[in-house]
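Trainee: Take this sequence and fold it.
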Amino acid sequence: MRAWNTSVQVSGVELKGKVVRGFGRGSKQLGVPTANVEMTSENKEITKGLIPGVYSATARLKGATYKTAMSIGWNPVYDNQEKTIEAYLIDDSLPEFYDEQLEVTVQSYIRAEALFSDFDSLIQAI
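Mentor: Residues are numbered from 1 along each chain as shown. Alright, predicted model coming up:
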C-alpha cells in the first residue's frame, strides 16, 4: 500500500481537458452528474502527486465559474482499473457539456477514497 503525504500543497493545482463520456453512473445510478475530465498525459502527471480522494475545487466552463466537488482516483465502489478525474459542478441548471473544455482548480483536500457498503451511503457522502 502506498503511503501518501497528506501535507502536499494542493491549493491552486490546475487540471484541464475535454469533458469525455464516462460510465454514466454518476447521473444514472447516483443522481449526481459528473464531468469526466480527459486524462491527458499532463493530467496523469499532475495527479501522480495527489492523494486519491475527494477535493473541493472551482471549475471554469464557457467563461463561468462553479463550486465543484471532485474525485481523483479509482472509485473503489466500482473498482475502476484506470484513474479518473470526475468533477461535480454544483449547479442544478447546467446543460450537457460533453466535448467542452473544463478547467478545474483544486482548493483543498477533503478525504481519501472510501469503499461504501451501499449506494445510499455513497450518495450521502457526496
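Trainee: which ones are touching the nearest residue to Ile90 once chain neighbours are set aside?
Mentor: The shortest distance from Ile90 to any non-neighbouring residue, by Cβ to Cβ, 6 or more residues apart in numbering, is to Lys67 (4.6 Å). Placement of C-beta: from N, CA and C, glycine included. Neighbouring residues of Lys67 by Cβ atoms under 8 Å, 6 or more residues apart in numbering: 56, 58, 89-91.
Trainee: Following the chain onward from the helix or strand hosting Lys67, which element is next?
Mentor: Here Lys67 sits within strand 64-73, counting by DSSP states H and E. The helix or strand immediately downstream of strand 64-73 is strand 84-89, counting by DSSP H and E.
Trainee: how far off strand 64-73 does that next one point, in degrees?
Mentor: Angle between the axes of strand 84-89 and strand 64-73 is 150 degrees (criterion: axes from the mean of the first three to the mean of the last three Cα atoms, to 10 degrees).
Trainee: What strands line up against strand 84-89, and which way round?
Mentor: strand 35-37 (antiparallel), strand 64-73 (antiparallel) (DSSP bridges).
Trainee: Spell out the residue ranges of the strands in the chain.
Mentor: Remark: strands assigned in the chain by DSSP state E are 14-20, 35-37, 53-61, 64-73, 84-89, 101-112.
Trainee: for the shortest one, the distance to its chain's centre please.
Mentor: The chain centre lies 7 Å from the centre of strand 35-37; the measure is Cα atoms, centre = their mean, to the nearest Å.
Trainee: now that strand: mean pLDDT?
Mentor: Regarding strand 35-37, the rounded mean pLDDT is 91.
Trainee: now do the third one
Mentor: pLDDT averaged over strand 53-61 equals 94, rounded to a whole number.
Trainee: Show me what it is packed up against.
Mentor: strand 64-73, strand 84-89, strand 101-112 (3 or more Cβ pairs under 8 Å, 6 or more residues apart in numbering; DSSP states H and E).
Trainee: Dump these into a markdown table; add distance to Pro52 and mean pLDDT as well.
Mentor: Output for the helices and strands packed on strand 53-61, formatted as a markdown table (distance: least, Cβ to Cβ, whole Å; pLDDT from 0 to 100):
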| stretch | distance to Pro52 | mean pLDDT |
| --- | --- | --- |
| strand 64-73 | 3 | 92 |
| strand 84-89 | 10 | 90 |
| strand 101-112 | 7 | 93 |
